[in-house]
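> pasted the sequence and its predicted model underneath.
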Amino acid sequence: MSKHQLIVTILGTDKSGILSEIATTVSEAQCNILDSRQAIYGKEFSLTMIIEGTQSAITKAECILPALFQRLDLLSMMKRTSHHEKQNLAHLFNVEFSGEDAAGLIKAVTGFFCRTSCND
């Protein structure tokens with residue numbers, strides 16, 4: 001049976017239990033969370049995940065997740081995708097910067113990596 005995938009991105013105020021409710025709803029749709037990234041920015045919560053399931057399971061997730069997100073007062077966006085595989089993170093760099101924050105700093109750092117082709 002063919003597997004289908006859905007990218008889900010969520011943003012909202014951080015509250016206890018958000019991840020648990022989302023994971024429960026994904027499971028109720030008969031889908032599996034393949035990969036996810038989450039972050040907290042001040043009082044805001046951000047989550048991007050890729051879920052996988054049969055075509056009918058992904059369709060069910062597309063129907064039931066928005067109601068959960070609305071109830072939790074979360075902004076969300078979903079997009080079907082395919083062929084996601086767990087990333088090999090061995091080639092990534094760990095960059096640490098210490099110093100005074102200034103406008104344009106991130107631009108300079110990302111420009112350096114772009115010019116040196118480190119992201120190929």
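Nice, I can see it.

> tell me the helix or strand right after the strand or helix carrying L68.
Using DSSP states H and E, L68 sits in helix 55-71. Following helix 55-71 in sequence order, the next helix or strand is strand 75-81 (DSSP H and E).

> what's that next one in contact with?
Strand 75-81 is contacted by residues 4-12, 50, 58, 62, 65-66, 69 when judged by Cβ atoms under 8 Å, 6 or more residues apart in numbering. Yep, even glycine has a C-beta here, placed from its N, CA and C like the rest.

> got a quick PyMOL command for the buried subset of those?
Buried residues among the contacts of strand 75-81 (16 or more other Cβ atoms under 10 Å), as a PyMOL selection:
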select buried, resi 4+5+6+8+10+12+50+58+65+69
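
> which among the contacts of strand 75-81 gets closest to A102?
Lowest distance from A102 to the contacts of strand 75-81 (Cβ to Cβ) belongs to L11, with 26.5 Å.

> wait, that closest one sits on S46?
Yes. Taking Cβ atoms under 8 Å as the definition, L11 is a contact partner of S46 at 5.3 Å.

> which elements pack onto whichever strand or helix holds T25?
Take DSSP H and E as the rule and T25 turns out to sit in helix 18-28. Judged by 3 or more Cβ pairs under 8 Å, 6 or more residues apart in numbering; DSSP states H and E, helix 18-28 is in contact with strand 32-41, strand 44-53, helix 55-71.

> show me which residues of the longest one are buried.
By neighbour count, and taking 16+ other Cβ under 10 Å as the criterion, the buried residues in helix 55-71 are 57-58, 60-61, 65, 68-69.

> got phi/psi on E100?
As for E100, its main-chain torsions (degrees, to the nearest 10) stand at phi -80, psi 130.

> list the contacts of Q38.
Contacts for Q38 (Cβ under 8 Å, 6+ apart) come out as 19, 45-48.
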